[in-house]
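In: next one to model:
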Amino acid sequence: MNTAIGDAFCRQVRLELTSCYLYKQMASWFEGKDLPGFANWMRKQAHEEVGHALVFFSRLTAGGQRADIGTVDPPIRDFTSVQGCFSHFVDHEKSVSGHLSCILELARKHRDAKAVQVLEWFEGENGIRGEEVDRILGRLKMASGERCPLLRTLDGDLAARRFRLPASLRMGA
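Out: Numbering: from 1, shown residues only. Model (predicted):
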């Protein structure tokens, strides 16, 4: 693995773990608002981020790189509203996606087919998650206030979320 790609993968591991901490904090905030479905959705997202970090970590070590990931900063602890929390989620995910796009460009430049394959999967996954969150935000905009019946319905829908890392990405994870 090229050193520049390895360094970018290390930064990505840290970003994925930062995302995990942020989404766990969001889950805690939702629990405090008596929205267990929203909390479940964020917990599953946090688990997904750990899975992502493990994929990058495994690819690093399989590529002969040392995984020097550094530290993770503490996340924001409070949010102004359910919609504000999801808006923050979207902003954070856009930042992470931007970093992934840069790594993908770097991997293509260095013709690292294995890295490109992994990064293209992540790019597709981010697109799917973005569409899902857009639907959630759309429904939240229709709900007025945090005690709205529509919010409770959405909370129930989000309680059904599950997560499993695809087998093709579980190498060493």
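
In: show me the shaky parts of this protein.
Out: In the prediction, the chain carries residues with pLDDT under 70 at positions 143-152, 155, 161-162, 168-173.

In: can we see that at 90?
Out: In the predicted model of the chain, residues 1-3, 58-78, 80-84, 86-87, 90-91, 94, 114, 123-173 satisfy pLDDT under 90.

In: so what does whatever helix or strand F89 lives in touch, helix or strand wise?
Out: With the criterion set as DSSP states H and E, the secondary-structure element containing F89 is helix 82-109. Taking 3 or more C-beta pairs under 8 Å, 6 or more residues apart in numbering; DSSP states H and E as the contact definition, the neighbouring helices and strands of helix 82-109 are helix 3-32, helix 113-142. (Glycine included, C-beta is placed from N, CA and C.)

In: what residue is smack in the middle of the protein?
Out: When C-alpha atoms, centre = their mean is applied to the chain, the residue found nearest the centroid is E49 (4.8 Å).

In: please tell me how far it sits from D112.
Out: In this structure, E49 and D112 are 23 Å apart, going by C-beta to C-beta, to the nearest Å.

In: ok, Q25 next?
Out: When distances are taken as C-beta to C-beta, Q25 and D112 turn out to be 34 Å apart.

In: pull out the buried positions in the helix holding F89.
Out: 82-83, 85-89, 92-93, 96-97, 100, 103-104, 106-107 (16 or more other C-beta atoms under 10 Å).

In: P166: which of those is nearest?
Out: L100 (16.4 Å; C-beta to C-beta).

In: that closest one contacts R11, doesn't it?
Out: No: in this structure L100 lies outside contact range of R11 using C-beta atoms under 8 Å: 10.6 Å.

In: if we can go back for a sec, F56: which of the helices and strands packed on helix 82-109 is closest?
Out: helix 3-32 (4.8 Å).

In: what's the following helix or strand after the closest one?
Out: Beyond helix 3-32 on the C-terminal side, the first helix or strand identified by DSSP H and E is helix 36-62.
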